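> Quick one, fold the following:
(one chain, ligands or ions: 2)
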Amino acid sequence: MTQQWSAPTAAGPVHATVPVPGSKSITNRTLVLAALADRPSTVRTPLRSRDTTLMAAALQSLGVGFADGPDGSWLVTPDALQGPAQVDCGLAGTVMRFLPPAAALAVGDITFDGDPHARKRPMSTILDALRALGADVAGDALPFTLHGKGGVPGGEVTIDASASSQFVSGLLLSGARYESGVTVRHSGKPVPSLPHIEMTVTMLREAGVVVDDSTRDVWRVEPGAVEGRDWHVEPDLSNATPFLAAAAVTGGEVTIPGWPEVTTQPGGAVRDLFERMGCTVTLTDAGLTLRGPDRLTGVDVDLRDESELTPTVAALAALASGPTRIRGVAHIRGHETDRIAALAAEINRLGGAAEETEDGLVITPRPLRGDVWRAYADHRMATAGAIIGLVVEGVSVDDIGSTTKTIPDFPGMWATMLGSR
Ligand SMILES: O=C(O)C1=C[C@@H](OP(=O)(O)O)[C@@H](O)[C@H](O)C1
Ligand SMILES: C=C(OP(=O)(O)O)C(=O)O
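Ligands and ions are numbered 1, 2, ... in the order given. I've put the predicted structure just below:
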């Protein structure tokens, strides 16, 4: 159910320390790897939000054991995957792209469906790839059915992954359990969100899987066991960005505790990005601290590698002192909504000047006025509206409930940050 929310304006510069929940991308990778492993795993500090509980529910319906640890961790016990099952992907790219390659190892029919917009998200690349690797899949988009035969021959496949890095990650995550492993070659325009593929490769290696990524656009996963282990999930650095942005747009100071020194999360790039916009960013034992300037500077930035940060950057850009050009993100038209069109429409509705380009946006700051900010069921559109609402009175987000996709209680965290709870 959608939930309208009046975005609170900040009474002054925001000063806060904001612990953020675990990474969606890391949590859902640990769950798939734990489900395919040779022994039980513990997933510590996991994200528990819509995307990750959908992943857990789907794996459970295939026979994987889930138990809650005393400290909020998940204890995952693998078992032979078994259909029939019906998987609800919600709007989660990680569920719709990471689960079918694993479910192809099951015996029985498994149907996949999701939210209305999920049916529009690109899927045919990975479903064609699964067919080429020997799986039996009927359909080219959600809803589709996988006729599991208890194993997948695997081998080599060439795909065009320019619409999503998740096509590559999905195949690699399960590839070690295919008879011949898997070799994925990309051919086409550049692959977006490459750090997310590095995250996949790093985590596979942590689980004892042999991966060769030494040739650009080619990834080889050797057949073999996936080791069960103790996983520790980092805070979600992309979800940290709306809170850091609160300091950036109000000239305040926000600290995110537990910020990793080294990370494969694309959110790691925000340090450089925020600095280019005029913020001061420091990493200490207390976490990552961002101090906002008097006025943000506009930037010309290629966000191909960090494409999921586009809504946050667009919100900052609408409040900066000069124009911003965002490039390299043509594929985000296939994210939770067409984010290029949605950002342009919502910034313009508030009186701003945002222009769609083929691969991004040009945003020229103008004085904004309060109005409804539509989220299009997209968690990052909703948080972009919240950022603008901090300094523009009368902004209301039409569906703040969409934030539960990756943050269990965004309105509560926002209120606590502003000192009003
Ligand atoms: O693998 C992942 O966890 C993700 C990969 C990226 O997808 P795209 O490559 O489709 O941008 C990113 O935008 C998404 O939020 C999460
Ligand atoms: C693109 C995103 O999500 P998904 O994992 O559903 O693709 C996102 O979180 O910005």
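> pLDDT wise, what is Ser6 at?
On the pLDDT scale, Ser6 is placed at 98.
> Neighbours of it, how many?
A count of neighbours around Ser6, defined by other Cβ atoms under 10 Å, yields 13. All C-beta spots, glycine's among them, are computed from the backbone N, C-alpha and C.
> for it, what are its contacts?
Residues near Ser6 by Cβ atoms under 8 Å, 6 or more residues apart in numbering: 389, 395-396.
> Looking at Gly268 now. What's its pLDDT?
78.
> that's a helix at it, yeah?
Yes: Gly268 sits within a helix when classified using DSSP: H, G, I helix; E, B strand; the rest coil.
> circling back to that earlier point, among the contacts of Ser6, name the ones that also lie close to ligand 1.
Restricting the contacts of Ser6 to those within reach of ligand 1 (Cβ under 6 Å from any ligand atom) leaves nothing.
> Apart from its chain neighbours, what residue comes closest to the residue in the stretch 251-400 of the chain positioned nearest to ligand 2?
Across the stretch 251-400 of the chain, the shortest distance to ligand 2 (Cβ to the nearest ligand atom) belongs to Glu308, at 3.5 Å. Once flanking residues are discounted, Glu308 sits nearest to Ser238: 5.2 Å by Cβ to Cβ, 6 or more residues apart in numbering.
> circling back: would you write out the ChimeraX command that picks the buried residues out of the contacts of Ser6?
Only the buried entries of those go into this ChimeraX selection, using 16 or more other Cβ atoms under 10 Å:
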select :389,395
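> Among the contacts of Ser6, which one sits closest to Arg39?
Of all the contacts of Ser6, Arg39 sits closest to Gly389, with 47.7 Å by Cβ to Cβ.
> correct me, but the closest one touches Val395?
Yes: applying Cβ atoms under 8 Å as the test, Gly389 and Val395 come out as touching, 3.6 Å apart.
> so what sits against both of the two?
Residues touching both Gly389 and Val395 by Cβ under 8 Å, 6+ apart: 6-7, 370, 373.
> which among those residues end up buried?
In terms of neighbour count (16+ other Cβ under 10 Å), the buried residues within these are 7, 370, 373.
> Now, those that are in strands?
Residues of those located in strands (DSSP state E): Trp373.
> Could you dump the buried ones among the shared contacts of Gly389 and Val395 into JSON lines with distance to ligand 2 added?
Output for these, formatted as JSON lines (distance: Cβ to the nearest ligand atom, whole Å):
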{"residue": "Ala7", "distance to ligand 2": "20"}
{"residue": "Gly370", "distance to ligand 2": "26"}
{"residue": "Trp373", "distance to ligand 2": "17"}
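> Show me which of the buried ones among the shared contacts of Gly389 and Val395 is closest to ligand 1.
Out of those, the member with the shortest distance to ligand 1 (by Cβ to the nearest ligand atom) is Trp373, at 20.6 Å.
> Residue ranges in this protein under the pLDDT threshold?
Where the chain drops to pLDDT under 70, the residues are 1, 420-421.
> For the chain, what lies in contact range of ligand 2?
Residues of the chain lying near ligand 2 (Cβ under 6 Å from any ligand atom): 92-94, 308, 335-336, 380, 406.
> so which two of those are the farthest from each other?
Once Cβ to Cβ is applied, these give Thr94 and Arg380 as the farthest pair, at 14.4 Å.
> So those two - more neighbours on which side?
Shown here are Thr94 and Arg380; by other Cβ under 10 Å, Arg380 has more neighbours (30 against 25).
> what's the burial count for Glu358?
Around Glu358 there are 7 residues (other Cβ under 10 Å).
> meant to ask about Gly412
For Gly412, using other Cβ under 10 Å, the count is 11.
> Confirm it sits in a helix?
Yes: counting by three-state DSSP, Gly412 is found in a helix.
> and the one helix or strand Trp219 maps to, anywhere near ligand 1?
Using DSSP states H and E, Trp219 sits in strand 218-221. No: Strand 218-221 lies out of reach of ligand 1 by Cβ under 6 Å from any ligand atom, never closer than 13.5 Å.
> mind listing what's buried in that strand?
For strand 218-221, burial by neighbour count (16+ other Cβ under 10 Å) applies to 219-221.
> can you pull the contacts of Pro78?
Neighbouring residues of Pro78 by Cβ under 8 Å, 6+ apart: 34-41, 64-65, 228.
> any chance you could map the helices in the stretch 1-150 of the chain?
With DSSP state H, counting those that start in this stretch, the ranges of helices along the stretch 1-150 of the chain come out as 24-35, 50-61, 93-103, 124-132.
> contact partners of the second one?
Under the contact criterion Cβ under 8 Å, 6+ apart, helix 50-61 has outside partners 24, 27-28, 31-32, 35, 46, 66, 74, 76, 85-90, 92, 94-95, 98-99, 102, 404-406.
> cool, and the last one?
By Cβ under 8 Å, 6+ apart, the surrounding residues in contact with helix 124-132 are 97, 100-101, 104, 137, 139-141, 144, 146, 152, 157, 159-161, 163-164, 166-167, 170-171, 184.
> now that helix, how far from the centre of its chain.
Computed by Cα atoms, centre = their mean, to the nearest Å, the chain-centroid distance of helix 124-132 equals 22 Å.
> hang on, the residue nearest to Glu308 packs against Gln265?
Yes: using Cβ under 8 Å, Ser238 is in contact with Gln265, at 6.9 Å.
> List the residues that contact the closest residue to Gly360 other than its chain neighbours.
Closest residue in space to Gly360, ignoring its immediate chain neighbours: Ile326 at 4.0 Å, by Cβ to Cβ, 6+ apart. The contact partners of Ile326, by Cβ under 8 Å, 6+ apart, come to 301, 303, 310, 313-314, 317, 360-363.
> Which of the three states applies to Ile326?
Look at Ile326: counting by three-state DSSP, its state is strand.
> and the stretch 151-300 of the chain, which residues reach ligand 1?
Within reach of ligand 1 by Cβ under 6 Å from any ligand atom, the stretch 151-300 of the chain has these residues: 164-166, 169, 192-193, 196.
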